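**Student:** the sequence and its predicted three-dimensional model are supplied below.
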Amino acid sequence: MTNDNIHRQALTGARLPATPAVAGMVMIVLGMLSSSGGSLAVAQPQDRVPPAASPAKPAEAPPLKEALPDGFLLGAALDYPRRFPASASRDVALVTRHFNAITPENGMKPMALQPVEGRFHFADADRLVELAENHGATPIGHCLVWHSQTPRWFFEGPDGQPAGRELALARLRKHIAVVVGHFKGRVKQWDVVNEAISDAPGQLLRPSPWLQAIGEDYLAEAFRAAHEADPDAILILNDYGIELRHKRRKVLELLRSLIEQKVPIHAVGIQAHWRMDHPDFAEVEESIRQFAALGLTVMITELDIGVLPTNYRGADIAKAENPKTGQRSVMNPYPEGLPDAVAQQHAERYRQAFAMFMRHKDSLGRVTFWGVHDGRSWLNNFPIRGRTDYPLLFDRQGQPKPAFFAVMQALQPPAAATPLDSQPPSDPPTAPHGR
Ligand code: XIL
């Protein structure tokens, strides 16, 4: 049996069946979207128009999670609301309505969980896991071993010199044992090692402090420690840019070697910090095929599609850009709002992405968005601080964007998606839904 088969069951911590009513409502909304030239900002399904006397309150968009194929996880990254109290309840409501998986955006990183050696802080992460469980969503763990957002003490010896192999390895094992052990049976999937592959030509592994302190086997050691702490958890190698040829070659080499050494690795995570013109989806499809051919599940772990110009492609958070003062408006072209034409192109890009995901749904375990709505996206501050980006499905007011409806459309099986034009908006939602 392949890893994929062994773990397919565990992938689906929360299964939410698609319903015919949702499919029908989507079709009505989509019909309205196309008849309004695509500029509809708020869903107004016919069967939910409020009575004339009630105050105008936008109808809520139909839940994305109810349009998914059986067993498919669609997630969003969210920090525990304490970090953003003002908009917290709205963000939580959006996440729990539309998604059936939740990844802590920052709250389970080494810096958050073990800022000082031996002092673990689980309170916020616990509350997020509880929130997910209370709403039937699968909690995802991100991330155990990374070069970034990891306190320096992990890599320092008692004399202030760099920690040697034994000390660093003991710390790596302890961090993983305590953290994975703490969430055992509850956090179903872990990004065990994040961003280990090098971007430099001819170099396989990033020269991270982990590699420098321990050596190449830090990856195998990390996966073994995680498996020991929770044998049922899905263990993921997560990275950006591995859907592109030059980095794909490297990650395939690493994965083959780990599998050959019988390291417990079950999935590969493509972060998917994408842009309007990049990457070519044919490359992504090729990567999904090749990763799946190794017997691994493929996860799309941090999806967003940024619309702003940048010289840098990827997600290496060390690579901030500093535009010259005169360049600022060129680099931040939409501070007041996204032009409708760009919003439509953005929606089309998302539609194509999700059509691709659905074509490969048997190889994919999960697609997670990196954030909830545009106002909370990390891309507003990366790789340039203080810009206004529009990478997600919900706008800054939490309203569904054209991209939302495009994703909803792409999630529909072909039989339900075709008769859009022939379906009068006043028909009851009767379209069949299934796989
Ligand atoms: C980002 C968060 O979204 C930001 O809030 C934080 O300031 C920096 O990290 N790749 C990853 C994620 O694996 O953990 C990063 O998240 C984005 C890039």
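**Tutor:** Nice, I can see it. Numbers count the residues shown, from 1 in each chain.
**Student:** show me what stretch 338-350 is in contact with.
**Tutor:** Stretch 338-350 has contacts (C-beta atoms under 8 Å, 6 or more residues apart in numbering) with 38-39, 274, 276, 305, 307, 334, 390, 393, 401-403, 405-407, 410. Glycine gets a C-beta too; all of them are placed from N, C-alpha and C.
**Student:** can you rerun that using 10 Å?
**Tutor:** For stretch 338-350, the external contacting residues (C-beta atoms under 10 Å, 6 or more residues apart in numbering) are 33, 37-39, 41, 274-277, 281, 303, 305-307, 333-334, 337, 374, 388-393, 395, 401-407, 409-410.
**Student:** convert that stretch to CSV, retaining C-alpha atoms only.
**Tutor:** The C-alpha atoms that make up stretch 338-350 are tabulated as CSV, following Å, rounded to 0.1, in the frame of the first residue of the first chain:
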residue,chain,number,x,y,z
LEU,A,338,-8.9,47.1,-7.4
PRO,A,339,-10.2,48.0,-10.9
ASP,A,340,-13.0,45.8,-12.0
ALA,A,341,-11.0,44.5,-15.0
VAL,A,342,-8.2,43.3,-12.8
ALA,A,343,-10.6,41.7,-10.4
GLN,A,344,-12.1,39.7,-13.3
GLN,A,345,-8.6,38.6,-14.4
HIS,A,346,-7.9,37.6,-10.9
ALA,A,347,-11.1,35.6,-10.7
GLU,A,348,-10.3,33.9,-14.0
ARG,A,349,-6.8,32.9,-12.7
TYR,A,350,-8.5,31.4,-9.6
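**Student:** mind listing the strands for the stretch 201-350 of the chain?
**Tutor:** Assigned strands in the stretch 201-350 of the chain, in chain order: 234-239, 267-270, 273-275, 297-306 (criterion: DSSP state E, counting those that start in this stretch).
**Student:** got JSON lines for those, with mean pLDDT, mean neighbour count and distance to Ser363 too?
**Tutor:** As requested, those are arranged in JSON lines below (pLDDT from 0 to 100; neighbours: other C-beta atoms under 10 Å; distance: least, C-beta to C-beta, whole Å):
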{"stretch": "strand 234-239", "mean pLDDT": "98", "mean neighbour count": "26", "distance to Ser363": "14"}
{"stretch": "strand 267-270", "mean pLDDT": "98", "mean neighbour count": "27", "distance to Ser363": "10"}
{"stretch": "strand 273-275", "mean pLDDT": "97", "mean neighbour count": "21", "distance to Ser363": "18"}
{"stretch": "strand 297-306", "mean pLDDT": "98", "mean neighbour count": "26", "distance to Ser363": "5"}
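**Student:** can you turn the buried part of the contacts of stretch 338-350 into a ChimeraX selection?
**Tutor:** Selection of the buried residues among the contacts of stretch 338-350 in ChimeraX, burial being defined by 16 or more other C-beta atoms under 10 Å:
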select :33,38,274,275,303,305,306,307,374,388,389,390,391,392,393,395,401,402,403,404,405,406,407,409,410
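**Student:** can you name the residue of the protein nearest the ligand?
**Tutor:** Distances from the chain to the ligand, computed as C-beta to the nearest ligand atom, single out Trp378 as the nearest residue at 3.3 Å.
**Student:** next one: phi and psi at that residue?
**Tutor:** phi -60, psi -20 (degrees, to the nearest 10).
**Student:** pull the contacting residues for it.
**Tutor:** Applying C-beta under 10 Å, 6+ apart, the residues near Trp378 are 77, 105-106, 273, 302, 304, 306, 315, 317, 370-371, 389, 391.
**Student:** between the residues you listed, which sits nearest His147?
**Tutor:** For those, the minimum distance to His147 (C-beta to C-beta) is 9.7 Å, reached by Ile317.
**Student:** report pLDDT for that closest one.
**Tutor:** The confidence metric pLDDT takes the value 64 at Ile317.
**Student:** repeat for Leu68
**Tutor:** Listed pLDDT for Leu68 reads 97.
**Student:** make residue 1 into 254 and carry on from there
**Tutor:** In the new numbering, first residue 254, that becomes Leu321.
**Student:** tell me how many other residues surround it.
**Tutor:** Around Leu321 sit 22 other residues, with neighbours defined as other C-beta atoms under 10 Å.
**Student:** how about it: what's its closest non-neighbour residue?
**Tutor:** When the adjacent residues along the chain are set aside, Leu321 lies closest to Leu327, with 5.7 Å between them (C-beta to C-beta, 6 or more residues apart in numbering).
**Student:** for the one you found, give me its contacts.
**Tutor:** Each residue near Leu327 by C-beta under 10 Å, 6+ apart is listed here: 269, 316-318, 320-321, 351-354, 390, 553, 556, 607, 610, 619-622, 660, 664.
**Student:** change it to 6 Å
**Tutor:** Remark: with contacts taken as C-beta atoms under 6 Å, 6 or more residues apart in numbering, Leu327 is in contact with 317-318, 321, 352, 620.
**Student:** how about Gly618, secondary structure?
**Tutor:** When classified by DSSP: H, G, I helix; E, B strand; the rest coil, Gly618 comes out as strand.
**Student:** burial count for it?
**Tutor:** Residues within reach of Gly618, counting by other C-beta under 10 Å, total 27.
**Student:** what pLDDT does it get?
**Tutor:** With respect to pLDDT, Gly618 has a value of 95.
**Student:** thought it was touching Ile553?
**Tutor:** No: taking contact to mean C-beta atoms under 6 Å, the distance of 9.1 Å between Gly618 and Ile553 leaves them out of contact.
**Student:** okay if I get the strands of the stretch 454-603 of the chain as JSON lines plus distance to the ligand?
**Tutor:** Rendered in JSON lines, the data for the strands of the stretch 454-603 of the chain read as follows (distance: least, C-beta to the nearest ligand atom, whole Å):
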{"stretch": "strand 487-492", "distance to the ligand": "6"}
{"stretch": "strand 520-523", "distance to the ligand": "9"}
{"stretch": "strand 526-528", "distance to the ligand": "6"}
{"stretch": "strand 550-559", "distance to the ligand": "6"}
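**Student:** list the contacts of Met584.
**Tutor:** Met584 is in contact with 562, 576, 637, counting by C-beta under 6 Å, 6+ apart.
**Student:** which of those residues lies closest to Glu448?
**Tutor:** Each of these was checked against Glu448 using C-beta to C-beta; the closest is Ile637, at 20.0 Å.
**Student:** can you give me the strands for the stretch 304-453 of the chain?
**Tutor:** Taking DSSP E, counting those that start in this stretch as the criterion, the stretch 304-453 of the chain carries its strands at 326-331, 354-357, 391-398, 442-447.
**Student:** closest to Met364 out of those?
**Tutor:** strand 391-398 (10.9 Å).
**Student:** and the contacts of that closest one?
**Tutor:** By C-beta under 6 Å, 6+ apart, the list of residues contacting strand 391-398 from outside reads 266-267, 326, 354-356, 361, 382, 385, 429, 440-447, 475.
**Student:** state the mean pLDDT of it.
**Tutor:** pLDDT averaged over strand 391-398 equals 98, rounded to a whole number.
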